[in-house]
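# kindly generate the corresponding structure for this input.
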Amino acid sequence: MKTHSIPRQARDGEQSRTILVSLIIVLLAGSVADAKYSGGTGEPNDPYRIAIAEDLNDIGNYEEDWDKHFVLINDVNLAQYTGTQFRIIGNTTTRFTGVFDGAGYIISNAVISRPDSDAVGLFAYVGAGGQIRNLGVEDANISGFRFVGGLVGRNWWGTITSCYATGDVSGD
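Alright, predicted model coming up:
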């Protein structure tokens, strides 16, 4: 019986290919793990996709994204967040200046209670250049001190188009 051995150069080449394929898999897995929200890059042609309540809440955690583009891809129910649990978007030093396109979807059951705070809403402050469009907010219960809204607490020259909010809003 005759045996054939694989030349050393062929074995080395196959080993190099195996290492390269493994490296590519690790890099791809790392980029998926690092993805924010439900996808997208935040650029105008590839907005961050907001699909679930956690995605919407997470925007408030990433001040560096408040000048990016977002699109809602589902109705989102915020019932799991109450009081101060929801991370509102925008603040006095960094206003939301990005684009949030609701794409005709609805955010429901937002309960935000910050009785000692100014500018309370899903978006606390929207600044110049900021746009919120094509969005419904239903059954909201929002309370704050001053400048309180179901969608936006304080609008500093942003644009809000084709949006509505229903529910209870209270403040001084």
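
# SS state for residue 143?
Under DSSP: H, G, I helix; E, B strand; the rest coil, the three-state class of residue 143 is strand.

# was I right about it contacting residue 113?
Yes: with contacts counted by CB atoms under 8 Å, residue 143 reaches residue 113, the gap being 5.0 Å. For every residue, glycine as well, the C-beta is placed using N, CA and C.

# do you know the pLDDT at the one residue sitting closest to the centre of the chain?
Central residue of the chain (CA atoms, centre = their mean): residue 59, 4.1 Å from the mean position. Looking at residue 59, its pLDDT reads 98.

# residue contacts, it?
Taking CB atoms under 8 Å, 6 or more residues apart in numbering, we find residue 59 in contact with 37, 48, 50, 65, 66, 70, 87, 89.

# quick one, which of those residues are buried?
Listed as buried from the contacts of residue 59 are 37, 48, 50, 65, 66, 70, 89; burial here means 16 or more other CB atoms under 10 Å.

# between those, which sits nearest residue 127?
residue 66 (8.6 Å; CB to CB).

# where's that closest one relative to residue 85, distance?
19 Å (CB to CB, to the nearest Å).

# now residue 144
15 Å.

# check for me that residue 64 belongs to a helix.
Yes: checked against three-state DSSP, residue 64 lies within a helix.

# residue 164 reaches residue 136, doesn't it?
Yes: the criterion here is CB under 8 Å, and residue 164 meets it with residue 136 at 5.5 Å.

# neighbour-wise, which of these two wins?
Taking other CB atoms under 10 Å, residue 164 and residue 136 do not tie; residue 136 has more neighbours (18 against 11).

# please name the residues that touch the more buried one.
Contacts of residue 136 (CB under 8 Å, 6+ apart): 102, 104, 105, 106, 107, 163, 164, 165.

# now for the first one: which residues touch it?
When contacts are counted by CB under 8 Å, 6+ apart, residue 102 is found next to 72, 132, 133, 134, 135, 136, 163.
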